[in-house]
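Chemist: sequence and predicted structure below; questions after.
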Amino acid sequence: MKISILDDYHDTLRTLECFKKMAGHEVKIWNDHVQDVDALAERLRDTEALVLIRERTEIRAPLLHWLDKLRLISQRSVYPHIDIDACTQLGIIVSSSQHSDTPSYAAAELTWALVLATMRQVPQQMSALKAGKWQIGVGNSLRGKTLGIYGYGRIGSTVAGYGKAFGMNVLVWAREASLERGRSDGYMAAPNKQAFCAE
């Protein structure tokens, strides 16, 4: 099978253990981003299976009509960038695991790393150290501070747990169903968006 993978900017997919599952297939990985329909049509003309990374490239009817060998589009998560009606009409299967029960731990951990780096002034302290200064100030503690979680979904709920573990007061603002999940998980829900931002 001829498989094309778009938008692997850092050329990381071939380093993953799961990449071995494509052994025996002709796999082409594109590390740049192209949205021009003519360029994509040329690039993907022999593709039978297309693997997408999130919503980086729009796959719409004008492009799909050029890809007469395409039979499968696969990716993880939401797919607002794929014309599902055109795929259905052309007999192209779209496979996307919504992984509703699995948080993106990588995104939540990066968020938490940025919170810690900000509060402890890690970038500024590192710059000072490189300039020959030992310390430029004292970092702040997270304990007792308020962490606002805007949107209590898979990632937000995981970050909220990190905040709780660090002794923070977690305040949630989201759609009503998400707010209810936040409340049931023991977090405070803001009465409205304005109060959330103010607190």
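Modeler: Perfect, thanks for sending it. Being a predicted model, the structure only gives us computed values, none of them experimental.
Chemist: can you tell me the closest non-neighbouring residue to residue 168?
Modeler: residue 147 (4.5 Å; CB to CB, 6 or more residues apart in numbering). Using the backbone N, CA and C atoms, a C-beta is placed for each residue, glycine as well.
Chemist: show me the contacts for that neighbour.
Modeler: Residues near residue 147 by CB atoms under 8 Å, 6 or more residues apart in numbering: 115, 159, 160, 163, 168, 169, 170, 171.
Chemist: surely the first one is within a helix?
Modeler: So that's residue 115. Yes: per DSSP: H, G, I helix; E, B strand; the rest coil, residue 115 lies within a helix segment.
Chemist: skip the chain neighbours and tell me the closest residue to it.
Modeler: residue 142 (7.3 Å).
Chemist: wait, what's in contact with residue 92?
Modeler: 64, 70, 71, 72, 73.
Chemist: just the buried residues of the residues you listed.
Modeler: Buried subset of these (neighbour count, 16 or more other CB atoms under 10 Å): 64, 70, 72, 73.
Chemist: show me where pLDDT drops low in this protein?
Modeler: 98-103 (pLDDT under 70).
Chemist: mind doing that once more with 80?
Modeler: 54-55, 76-78, 97-104, 139 (pLDDT under 80).
Chemist: report the central residue of it.
Modeler: The C-alpha lying nearest the average C-alpha coordinate of the chain belongs to residue 107 (CA atoms, centre = their mean; 6.5 Å).
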